[in-house]
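**Student:** coords below, sequence missing:
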């Protein structure tokens, strides 16, 4: 049998393409990247009413085939069959927002002019009706010369008819194609078609405008945004705690059970101290990541994210960026990888490069394990007044340090290496919509899966390798295992470099595997001290925090925190940056400047703390 | 719309209701009569056109800036709201439409 036919969804941004894609393919989707670019390639299977399975792809939203961003470039190239390694789709589904026809029909005509078998999905007809807009799809079908199917993706309305139209699209082709027009002619035609298709139109819906009046109010708007961001970060820390504790208890139980069941051996230690403790130390952060992404997805799906970008534009302009950079940077608080991928919608290349370069300074969730462990061990849980705890304050300061550092670097970069014309800000503010539970669930599941896969692969491998390096060669009696091991010897070399900024050998040792991912620093400290404790059961049982407290001074701990505000210790981020910027030049630059900053920040923190007598 | 048409429009409408888009008061509806495309970065010019912000479009300013600033500006065009910077609005000449013709 030949390969399944390929069907691609195209349309303007905000046409409801992704919701339609989710409705057609269900939860079993494959997310990958188009080779060479970090534009997400979403594909899934859809069974036509004839029983034939087709491969469905969701192309990035585009306003035209003449691209103005990397996103649009992918769409344009895939449709025309010019994307290397990607077969041209056999059938196109043009998705239109029923309540914004005069805009969306412009791109629809451009796609139809390609003369490919095409079906038009007149999407979100329910929202149009809510806005008092009654449409006649037959008129559009007549004008466009291809089947026009009214759909409501979220209620699965029209999906069967859409399937039938796809099944017969190629047989019906070639239809009476629309001749090549100029952009202006298409716009005039779009207006005429929209007017003809609208049967009746009552007073325009006001909810949208009322919400905007409040949320984009020059004074109230920023206050609401700030309050929302506060709730988000509060939620990430407070709501996640019970789930994280439960996961932690599960990991401990598994550790103890395996330890009790297996006879004492090196293999048992590898499984309990290496695999379970190491991977477990990272997996407990899943709830925080899920909560942060839930907020980000909800802000995007509701249409608020674009308003946040509008409100932030003025501040971002101060450092030479635009409101568009706000979305990738906010995502980077969860993880820099989706953050860097979100920069693809930024039109200006210099603007985009700057955003990519500063994204790793946003405090991602992988830093949380490091911050949480060190803060809990060294910062007293006292109240500094007004119900604000000192621990929380230190954590907040670390976030602020990252943001300020990023802003400062952006300012400098935009005046030096990424110098260019002041970047503009042009962005559609989509209609407000209630986020759909199913779309949210699919999005969250995909993010959680990516995180768990990372824990199961990179972090698993690194933990095991570190454990082996720590345990071989075996120490002679009376000698410390860590000192005797290969890892200990490697760390001794690095320790010379980091000694001036107050780091000891154990810290240097933690930095090496943490190159893979920051959170590994915690698991490697845990592994190191567990190995170091040897057969001393009392010492082995001691919490990591107590271990740290007995071995590190306060200035050392603070320097370690300062280091992680800046240090680009994440292989995935570097890999994504390389792919995104098409070469090693910018990731190398990113590594150099961030390590430089980390070294200076940690050193300054250490010596100031020592001078202050801490 | 060519230059001659634009000039004609400018001549007909008189100077009183003519201004750049950034000065259009909130709540007034206007028509874009001329755009100085050469003042804009080519990609941005194309993006603006793709969003329907070009000669002949009927527009209104919905929101303007935060904390008393004038940047950015939210413009309604058709059934869409589009955020642009003041520099873009400066390049667009608009003519206020009489309330009757809205």
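**Tutor:** Nice, thanks for sending it over. All values derive from a computational prediction rather than experimental measurement.

**Student:** just checking, residue A:125 touches residue A:96?
**Tutor:** No: the pair residue A:125 and residue A:96 does not pass the contact test of CB atoms under 8 Å, sitting 9.8 Å apart. C-beta coordinates here come from the backbone N, C-alpha and C atoms, glycine included.

**Student:** what about the two, which has more around it?
**Tutor:** Under the neighbour definition other CB atoms under 10 Å in any protein chain shown, residue A:125 and residue A:96 were set side by side, and residue A:96 has more, 28 against 23.

**Student:** Can I take it that the more buried one is in a strand?
**Tutor:** Yes: counting by DSSP: H, G, I helix; E, B strand; the rest coil, residue A:96 is found in a strand.

**Student:** Report pLDDT for residue B:18.
**Tutor:** Looking at residue B:18, its pLDDT is 89.

**Student:** The residue nearest to it when sequence neighbours are not counted pairs with what?
**Tutor:** Leaving aside its sequence neighbours, residue B:18 sits nearest to residue B:95 (CB to CB, 6 or more residues apart in numbering or on different chains; 5.4 Å). Per DSSP bridges, the residues bridged to residue B:95 are residue B:18, residue B:31.

**Student:** Point out the residues in the stretch 101-250 of chain A that sit beside chain B.
**Tutor:** By CB under 8 Å from any CB of the partner chain, the residues of the stretch 101-250 of chain A that approach chain B are A:102-103, A:106-107, A:183-184, A:187, A:209, A:212-213, A:216-219, A:221-222.

**Student:** just the buried members of these?
**Tutor:** Neighbour counting with 16 or more other CB atoms under 10 Å in any protein chain shown marks A:102, A:103, A:106, A:107, A:187, A:212, A:216, A:221, A:222 as buried within those.

**Student:** Can you work out which other helices and strands pack against the helix or strand containing the last one?
**Tutor:** Per DSSP states H and E: residue A:222 is located in helix A:220-238. Using 3 or more CB pairs under 8 Å, 6 or more residues apart in numbering or on different chains; DSSP states H and E as the contact criterion, the elements in contact with helix A:220-238 are helix A:207-215, helix A:286-302, helix A:304-318.

**Student:** residues of it that come out buried?
**Tutor:** Applying 16+ other CB under 10 Å to helix A:220-238 flags A:221, A:222, A:224, A:225, A:232, A:233, A:236 as buried.

**Student:** Please apply the same query to stretch B:78-91.
**Tutor:** Taking 16+ other CB under 10 Å as the criterion, stretch B:78-91 shows B:78-89, B:91 as buried.

**Student:** Strands - which of the residues you listed land there?
**Tutor:** Among those, DSSP state E puts B:80, B:81, B:82, B:83, B:84 in strands.

**Student:** Surely the last one is in contact with residue A:323?
**Tutor:** Right, the one you point to is residue B:84. No: the pair residue B:84 and residue A:323 fails to qualify as a contact (CB under 8 Å) at a distance of 10.9 Å.

**Student:** which neighbours do these two share?
**Tutor:** Both residue B:84 and residue A:323 are contacted by A:425, B:72, under the criterion CB atoms under 8 Å, 6 or more residues apart in numbering or on different chains.

**Student:** show me the contacts for the residue most central in space within chain B.
**Tutor:** By CA atoms, centre = their mean, chain B has its centre lying nearest to residue B:21, at 4.2 Å. If a contact means CB under 8 Å, 6+ apart, then residue B:21 has B:30, B:32, B:59, B:61, B:73, B:75, B:88, B:89, B:90, B:92, B:93, B:94 as its contacts.

**Student:** Residue 67: how many residues sit nearby?
**Tutor:** This is for chain A. Applying other CB under 10 Å, we find 18 residues neighbouring residue A:67.

**Student:** Chain B is the one I meant
**Tutor:** For residue B:67, using other CB under 10 Å, the count is 11.

**Student:** try residue A:132
**Tutor:** Residue A:132: 13 surrounding residues under other CB under 10 Å.

**Student:** residues touching the residue in chain B that chain A sits nearest to, list them.
**Tutor:** Scanning chain B for the residue nearest chain A gives residue B:50, at 3.6 Å (criterion: CB to the nearest CB). Contact analysis of residue B:50 by CB under 8 Å, 6+ apart lists A:63, A:64, A:68, A:106, A:107, A:183.

**Student:** Get me the contact residues on chain B for chain A.
**Tutor:** Counting by CB under 8 Å from any CB, the residues of chain B close to chain A are B:1, B:40-41, B:43-44, B:46-52, B:54, B:62-69, B:71-72, B:74, B:78-85, B:87-88.

**Student:** State the helix or strand in which residue A:128 lies.
**Tutor:** Taking DSSP H and E as the criterion, residue A:128 maps to helix A:125-130.

**Student:** partner strands of the next helix-or-strand element following that helix, parallel or antiparallel?
**Tutor:** Where DSSP H and E defines the elements, the next helix or strand beyond helix A:125-130 is strand A:133-135. Strand A:133-135 has the following strand partners under DSSP bridges: strand A:198-201 (antiparallel).

**Student:** From the rest of the structure, what touches the partner strand?
**Tutor:** Contact partners of strand A:198-201, identified using CB under 8 Å, 6+ apart, comprise A:101, A:132, A:133, A:134, A:135, A:136.

**Student:** Not counting the strand or helix carrying residue A:185 itself, show me its contacts.
**Tutor:** Using DSSP H and E, residue A:185 maps to helix A:183-197. Identification of contacts with helix A:183-197 by CB under 8 Å, 6+ apart yields A:64, A:101-106, A:108-110, A:135-137, A:139-140, A:143-144, A:181, B:1, B:49-50, B:52, B:54.

**Student:** Buried residues of that helix, list them for me.
**Tutor:** For helix A:183-197, burial by neighbour count (16+ other CB under 10 Å) applies to A:186, A:187, A:189, A:190, A:191, A:193, A:194, A:197.

**Student:** With respect to chain B, which of these is nearest?
**Tutor:** Nearest to chain B among the buried residues of helix A:183-197 is residue A:187, at 6.7 Å by CB to the nearest CB.

**Student:** helices and strands of chain B: which one bottoms out on pLDDT?
**Tutor:** The helix or strand of chain B with the poorest confidence is helix B:3-13; it has a mean of 53 (mean pLDDT, DSSP states H and E).

**Student:** just the buried members of the contacts of strand A:198-201?
**Tutor:** Buried among the contacts of strand A:198-201 (16+ other CB under 10 Å): A:101, A:133, A:135.

**Student:** which residues does the first one contact?
**Tutor:** Think residue A:101. Contact partners of residue A:101, counting by CB under 8 Å, 6+ apart, are A:135, A:140, A:190, A:193, A:194, A:197, A:198.

**Student:** Same question for residue A:340.
**Tutor:** With CB under 8 Å, 6+ apart, residue A:340 has these contacts: A:38, A:328, A:332, A:356, A:359, A:573, A:576, A:577, A:580.

**Student:** Looks to me like it is in a strand.
**Tutor:** No: using three-state DSSP, the assignment for residue A:340 is helix, not a strand.

**Student:** And the residue of the stretch 301-450 of chain A closest to chain B?
**Tutor:** Nearest to chain B in the stretch 301-450 of chain A, going by CB to the nearest CB, is residue A:429, at a distance of 4.2 Å.

**Student:** Could you give the secondary structure assignment for the closest residue to chain B within chain A?
**Tutor:** In chain A, no residue comes nearer to chain B than residue A:63, which is 3.6 Å away by CB to the nearest CB. Secondary structure for residue A:63, judged by three-state DSSP, is coil.

**Student:** Cool, thanks, signing off.
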